[in-house]
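Novice: Provided below are the primary sequence and the corresponding predicted coordinates.
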Amino acid sequence: MKIRNLFLIAGLLLSVALIFNSCASKRYTKKAQKFEEAGLYEDAAYYYYEAVKKKNSNVDAKLGLYKNGQFKLDNILTNVRDAYKKADYREVVYQYLKAKDYYDKLSAVGVNLEFPESYKDYYSEAKSDYLGRRYAEGVEKLNRDEFEAAQKIFSEIMKVDAGFKDVKEKYKIARYEPVYRSANRYLENGMYRHAYYAFDEVLSGTGGAYKQALSLKNEAKKAATITILVTDFRYSQSPYRQYASQLTSEVKSKLLQLNNPFIKLVSAESAGQKIYKNGKIDLKAANLAGIKAVLTGKVLNVTRKQGKPTAKTEQAFIKEVKKTTDKEGNTITKVDYKKTQYTRYTGESSAEIKAEFQLVSTADNEIIVSDMISVSKKDKVDYAKYKGDINKLVPGYRKSSGQNIVKDNYYDVSHLHSLFKARQTLKPVSELLEELERQAAGKIVNKIDNYNPE
């Protein structure tokens, strides 16, 4: 039944769309006819075209478009012929392309105009001459290292004829040679990350092959990459040991997931025992082993508080609606509010982790990145229970004077009823701490990811 209804709705919408387009087509046709009567053929052709687009079966619009469209096309073709006579080959090319675009536009809606083949000969001759001269200008600019000017010329040629000579290759040189040269300067000046991205831009734009870009990109990446050894995080008190261990694992996991070409994680096992001296990492030995930085950290403090919901009795009212009929047969509605009570429960759990970390260079013992991390999280519950009919429950209270304050409005009633559907269980504090470990690890890794020595 539902599927049938959907088909009915879809059919109705389609019918409405067809009626709308048909009306629009008629309006455009009338407008076009007025312009045609005034001798404004180009304007008439525009509105006839819009009419045909709205409704392709509009015969009057198609006939009007054929007539007025041909006038417009003939005017453009006259420009082509006049420019050819003057040997203005640039104008021939662009006027012909304008004519061809308009011809194709009308053909797409089923209106085929007359387009004499002779104009194609004008175009071919003019294009060969004009593009040949522009190509020579572009090559001259390229030889003078005027890359921006050359790029504009080759770009123009490709828009007219992308297969003209080797214009695509010339365009690549004009576009990417300046970037390639900048990349080499970055590499020479030790700006390896800049060099990497510049070489990558060249390779992406040229299809993966341009001079020595690939090998130089790899060279830049190797020089820019920070190989990091993550040591086990320490802890200020023995109860924090498990959190230090879990934080270490989270940091390693997130570092491995980074989409950063300049960060590489190495394990202590791969480096071997030679990097240790008296049970501690020897930075010089680590540097010789190919490790560029060592990440150390310490869990300073962990606080945890597992809450428990506490109950509180709240006042409310039961709403009773009674309907009666008077002598004249009219319905009389009477609303009574009876005092009642429900139980409201509130509770909160909380946790906090404080830690510090340092990323130290093995080359010169310099601190690359360091920070103090503090993350905290709370979980709250706020719900209610009632033994009677919740749907009749209305918030309110009775004042000491005996006056009833009834809040029988949509907002207050909805809020009260939502308490009976609310979550009743506090998250275990252990779950909060797991979330905080991931959050703290994220902050640490984010700091390292954002580090840029350049």
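Specialist: Done, it's in. Since the structure is predicted, the reported quantities are computational estimates derived from the model, not experimental observations.
Novice: beta partners for Met372?
Specialist: On the basis of DSSP bridges, Met372 takes part in beta bridges with Glu356.
Novice: number of nearby residues for it?
Specialist: 9 (other CB atoms under 10 Å). Heads up, the C-betas are built off the backbone N, CA and C, glycines and all.
Novice: what ranges do the helices span in the stretch 301-450 of the chain?
Specialist: 410-419, 429-450 (DSSP state H, counting those that start in this stretch).
Novice: CSV please, covering the ones you listed and showing mean neighbour count.
Specialist: Putting these into CSV (neighbours: other CB atoms under 10 Å) gives the following:
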stretch, mean neighbour count
helix 410-419, 13
helix 429-450, 18
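Novice: give the contact list for the nearest residue to Lys385 once chain neighbours are set aside.
Specialist: With CB to CB, 6 or more residues apart in numbering as the criterion, Lys385 has its nearest non-adjacent residue at 5.0 Å, and that residue is Thr343. Thr343 is in contact with Ala311, Lys312, Thr313, Glu314, Ala384, Lys385, Tyr386, counting by CB atoms under 8 Å, 6 or more residues apart in numbering.
Novice: for Thr310, same thing?
Specialist: Contacts of Thr310 by CB under 8 Å, 6+ apart are Tyr345, Thr346, Gly347.
Novice: Bridged to it, which residues?
Specialist: Residues in a beta bridge with Thr310, per DSSP bridges, are Thr346.
Novice: before we move on, what about Ile228?
Specialist: Ile228 has the following beta-bridge partners by DSSP bridges: Leu265, Ala293.
Novice: start at 578 instead
Specialist: Sounds good: first residue 578 from here, last item Ile805.
Novice: How confident was the prediction at it?
Specialist: Note for Ile805: predicted pLDDT of 96.
Novice: now do Lys957
Specialist: 97.
Novice: For the residue nearest to it when sequence neighbours are not counted, grab the count of nearby residues.
Specialist: Computed as CB to CB, 6+ apart, the closest residue to Lys957 that is not its neighbour in sequence is Glu925, at 4.8 Å. A total of 16 residues lie near Glu925 under the criterion other CB under 10 Å.
Novice: Check Arg711 too.
Specialist: Arg711 has 19 nearby residues by other CB under 10 Å.
Novice: Okay, and it sits in which element?
Specialist: helix 695-720 (DSSP states H and E).
Novice: list the buried ones in that helix?
Specialist: 696, 699-700, 703-704, 707-708, 711-712, 715-716, 718-719 (16 or more other CB atoms under 10 Å).
Novice: now for it, which elements pack on it?
Specialist: helix 636-662, helix 666-684, helix 724-737, helix 744-765 (3 or more CB pairs under 8 Å, 6 or more residues apart in numbering; DSSP states H and E).
Novice: domain parsing for this structure?
Specialist: 579-693, 708-801 (automatic domain parsing).
Novice: Lowest average pLDDT across those?
Specialist: Among these, domain 579-693 carries the lowest mean pLDDT, a mean of 85.
Novice: Tell me the one among the contacts of Thr887 nearest to Ile1021.
Specialist: Closest approach to Ile1021 among these (CB to CB): Gly924, at 31.5 Å.
Novice: so what's Tyr919 up against?
Specialist: Here Tyr919 is in contact with Thr890, Glu891, Ala893, Ala961, Lys962, Tyr963, Leu970 (CB under 8 Å, 6+ apart).
Novice: Identify the residue nearest the second one in space, chain neighbours excluded?
Specialist: Spatial nearest neighbour of Glu891, chain neighbours left out: Arg921 (4.9 Å); criterion: CB to CB, 6+ apart.
Novice: Ile750 too?
Specialist: Leaving out its chain neighbours, the residue that sits closest to Ile750 by CB to CB, 6+ apart is Leu719, at 6.3 Å.
Novice: Now do the same contact list for that neighbour.
Specialist: Counting by CB under 8 Å, 6+ apart, Leu719 has contacts Ala727, Lys747, Ile750, Ala751.
Novice: State the distance from the closest residue in space to Phe894 that isn't next to it in sequence to Pro972.
Specialist: The shortest distance from Phe894 to any non-neighbouring residue, by CB to CB, 6+ apart, is to Tyr914 (4.1 Å). Using CB to CB, to the nearest Å, one obtains 11 Å as the distance from Tyr914 to Pro972.
Novice: For Ile653, which residues are in contact?
Specialist: By CB under 8 Å, 6+ apart, the contact list for Ile653 reads Gln672, Lys675, Ala676, Tyr679.
Novice: between these, which has the most around it?
Specialist: Gln672 (25 neighbours).
Novice: Thanks a lot, catch you later.
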